[in-house]
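Undergrad: Okay, sequence plus prediction incoming.
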Amino acid sequence: MLDHDLIQRTLSTALRTGGELAEIFVEDKASSNAIFDDGKVENLSSGRDRGAGIRVIVGDTTGFAHTADLSPTGLAEAAEAAGAAARSGGGGVVEVALTRQDAPRPNAIAVLPEDVAKATKVDLLRRADATARGAGSAITQVTARYGDSRRRILIANSDGLLTEDDQVRTLFTVMAVASGDTGMQTGYQSLGRTVGFELFDSYDVDDIAREAAERALLKLAARPAPSGTLPVVIGPGGGGVLFHEACGHGLEADLVAKGASVFAGRVGERVADPRITLVDDGTMAEEWGAFAVDDEGSLAQRNVLIEDGILTDYMYDLLRSRKEGRSRSGNGRRQSYKHLPMVRMTNTYVLAGPDEPDDIIAGTPDGVYVAHLGGGQVNTATGDFVFGMTEAYLIEGGKITEPIREGNLIGNGPAVLASIDAVGHDFAMGSPGMCGKDGQGVPVGDGVPTLRVPALTVGGTA
Amino acid sequence: MGAANPELLDVAARIAEMAGPGEQVEAFVARSTSTSVKAYGGEVESLTQASTAGVGVRVIVDHREGFAYAGTLDEGVVLEALAEARDNATFGEPDDFNGLATPDGVEVADLDLWPEHLADVPTADKVAMALELEQATLGRDPRVTGVRVAMFSDSLGEGAVATSTGIRSWGRAGMSYLMVQALAHHEGETQIEAGLSVGREVTDLSIDEAAGDAVLRATRLLGSTKPSTQRLTLVLEPRMAATILSIVGGMVNGEAVLKGRSPFADRVGEQVASPLLTFVDDPTDPRSLGAEAHDGEGLACRRNELVSDGVLQGFLHNTYTGRRSGTASTGSAQRGIASTPGVGAGALAVAPGAGTHEEVLGTVDHGLFVTSMAGLHSGVNPVSGDFSVGVEGLMIKGGQLAEPIREATIASTLQRLLLDISHVGADLEWLPDGSGGVTLVIPDIALSGA
């Protein structure tokens, strides 16, 4: 992506006024999106973002500059700006010797998005629209989106690291609106994998469309969600966001170090039932949060965060691992070359447990069954989190009965984690997610088996 | 960045003038520079200097639309974007209402949004402000044990729109802000809350305001407990009221209305809110940080009254939704480099009612003063209006603020919330996102807790 000599010169320039580490992150991202809305192809768009971010670290200070100008002059200016920002007074001539490191990809890409005709992409949307509208006469509106991106990155630093990655992601989403006597309801379903257009060899867009439409239709007849504290059973694949919010963010070492996590100082302690093992795994083939190297050049890793209920480790980026004198965990990520990396999750999931899913439901006299959770949010300092139910049902007499309308669930991460009292053997990965932290979004995956939280606050109106 | 020399407009015009016969071309060109300083532990944690530029190109041929963007003004890449947009247009479906904006004669407001002095402030002064903000926050209350981050940030930007249909617009604006997240600690409990000070020039900023805001917000939640499930009166502070209003802004969006995704479609002229409520989107109000002279399609921004005394007046439109609705653009096209113009409010604000914040609180016997809401993106559905969010705040007893609460939710529908408003305060506060809120009172709300 960038000439070897130019990389070396840029790193040397960045360190000219001193500094312990200089890094260049080069990104070239091409994306395309197509929207089918209101019964027609509304818009096709293509985008190209290309540039470099350069950072210089001196002690506890990071200087950072980015530029869309990848010429020798543009890079030199950015390198000088980053170096000046972290000026330490020392300096001199720094020789950087780079060693290229090849990183194993989680999976091969069979069909690059740029090799697929736009008409073929549009046809998928047209089919999804027809299928969703065919699911019932109450479906009054459908929006289908296709998106792909190819993100090529190069990372080099003055420790001699030089590595590259080529990340291809494909996303397909459908939102349906159903209208009836009770007003309008929406249903949403999405499919996203770190693969090329071969995604559609394994998955059928008709299924995505049908699921979105059925979710909207179901809610037309739904009762208001109950309010108050109730047992909540979460279905397989539908609730990984619970762990992402309830404890994932609290296990990010940057937040831990600043005392902004309820999990600070708790490594080695029991934080959950022995049936709970929580993993963050950037190596999972094809999953939405997978990659070969993170955005600081560390290899993707599988990290066990909670093992048999015991907190085993936090997640690390380059800065925190340098500070604490330990190895990185492959969790240094950034939204683009315009952003500084920080500790981020990849694919976060709970391993299957020993319990029979049907028994978990049957053993819950009254409560809520959540088949699908929407987005969530956590305050890492208190551990309090919320997340939305996008498909949920009442459990009455140990049986799943009527659908209920949307509402938020709220709880406290450590308390909820410690209270989970059933873990099914039916693990499944969930929907692709976009995780936001300090204004940066990165793609993440999650997964869970069926599990039960004995008491969560359900924010309904009934 | 040159003074009043819109070189960027020339760049946009050159692209627009490449339109072939029967083709409409629009170029939106933008450029910005920004600085961000983060302080932590008495040191500069990071200092970021950035400049970005880019162009979005829209092409319409035979009523088919295509779009492409590039995150650079590099000539070769820009021409590539134009070619991509042309190619994309061949896959769009013909729509008679597709078409670029044309000059509509509405006078452009004379707004001064450019901080003359900001560009000349030395980086060292910005660093000093971030460091001072951290110290000011730490020294303010013994329960404040740390700061997660103290930040100074500024940006200067300019944008131009040119079309082959005669639009030529250019504008520039800048702002700066201070933000600090304070950690308060008491008996094993930690609270983290942010404080802000926002303005155009650095001299508009107040370290005291940002530090005081963060410390007050973090410390007043210490000792909070989960309340019992009950019905009570909700008092929304101005920034919470503005947050809810911004979601309502999405329901008066002409695009949502046309596509059957707004519960307010077909309700113009009807009572959709309490007679106490009037709200307006007026990007020409210079008090708003969202103020702009031109919208995303280069038309003049203007004052749009959306709800008057609770009665729905109309919707916001861009050129497409205006044409398709049989009316015209309201100058409400919103966009970034990477997208075609959508529809949105730039400076949505509630018309002030009566009473200071304290006077409004004094009228409430049993209620909750809401200071933060969580889960808005997952728990509020602007299509159905279903509303369920996590809340933190202080209970109100006999008109006085009482104990803090957390881990509770409130639920209703947006339609119900608007109709039930029983008091609109006079304490208009302009927020960083450009919106303006006042204290609002809504009785008889379901609070779920223990």
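TA: That came through fine.

Undergrad: Check which helices and strands the one helix or strand residue A:133 maps to is in contact with.
TA: For residue A:133, the host element (DSSP states H and E) is helix A:118-134. Using 3 or more C-beta pairs under 8 Å, 6 or more residues apart in numbering or on different chains; DSSP states H and E, the elements in contact with helix A:118-134 are strand A:21-37, strand A:40-58, strand A:139-157, strand A:161-180, helix A:205-220. Bear in mind the C-beta positions are built from the backbone N, C-alpha and C, glycine included.

Undergrad: could you give the angle of that helix to helix A:205-220?
TA: Per axes from the mean of the first three to the mean of the last three C-alpha atoms, to 10 degrees, the angle that helix A:118-134 makes with helix A:205-220 is 30 degrees.

Undergrad: got the angle between helix A:118-134 and strand A:21-37?
TA: For helix A:118-134 against strand A:21-37, the angle by the same axes, to 10 degrees is 60 degrees.

Undergrad: and residue 172, bridged to which residues?
TA: This is for chain A. Counting by DSSP bridges, residue A:172 is bridged to residue A:146, residue A:191.

Undergrad: Chain B, not that one
TA: With DSSP bridges as the criterion, residue B:172 is bridged to residue B:158.

Undergrad: mind pulling up the phi and psi values for residue 370?
TA: Chain wasn't specified; assuming chain A. phi -100, psi 110 (degrees, to the nearest 10).

Undergrad: What distance do you get for it to residue B:144?
TA: 38 Å (C-beta to C-beta, to the nearest Å).

Undergrad: Look at those two and report which has more neighbours.
TA: A count of neighbours by other C-beta atoms under 10 Å in any protein chain shown puts residue A:370 above the other of residue A:370 and residue B:144, at 25 against 20.

Undergrad: burial measure for residue B:403, as a count.
TA: 11.

Undergrad: From chain A, how far out is it?
TA: The gap separating residue B:403 from chain A is 16 Å, by C-beta to the nearest C-beta, to the nearest Å.

Undergrad: Can you classify that residue as helix, strand or coil?
TA: strand (DSSP: H, G, I helix; E, B strand; the rest coil).

Undergrad: partners of the host helix or strand of residue B:25, with directions?
TA: In the assignment (DSSP H and E), residue B:25 maps to strand B:23-40. Strand pairing for strand B:23-40, using DSSP bridges, gives strand B:43-61 (antiparallel), strand B:144-163 (antiparallel).

Undergrad: CA atoms only for stretch A:389-399, dumped as CSV, please.
TA: The C-alpha trace of stretch A:389-399 is given here as CSV (Å, rounded to 0.1, in the frame of the first residue of the first chain):
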residue,chain,number,x,y,z
MET,A,389,-36.1,-6.1,23.6
THR,A,390,-37.0,-6.3,19.9
GLU,A,391,-38.7,-9.7,20.0
ALA,A,392,-40.1,-10.9,23.4
TYR,A,393,-42.8,-13.0,24.9
LEU,A,394,-44.5,-13.6,28.2
ILE,A,395,-43.7,-16.8,30.1
GLU,A,396,-46.8,-18.0,31.9
GLY,A,397,-46.9,-21.2,33.8
GLY,A,398,-43.5,-22.3,32.4
LYS,A,399,-44.6,-21.8,28.8
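
Undergrad: Can you give me the buried ones in it?
TA: Neighbour counts over stretch A:389-399 (16 or more other C-beta atoms under 10 Å in any protein chain shown) mark A:389, A:390, A:391, A:392, A:393, A:394, A:395 as buried.
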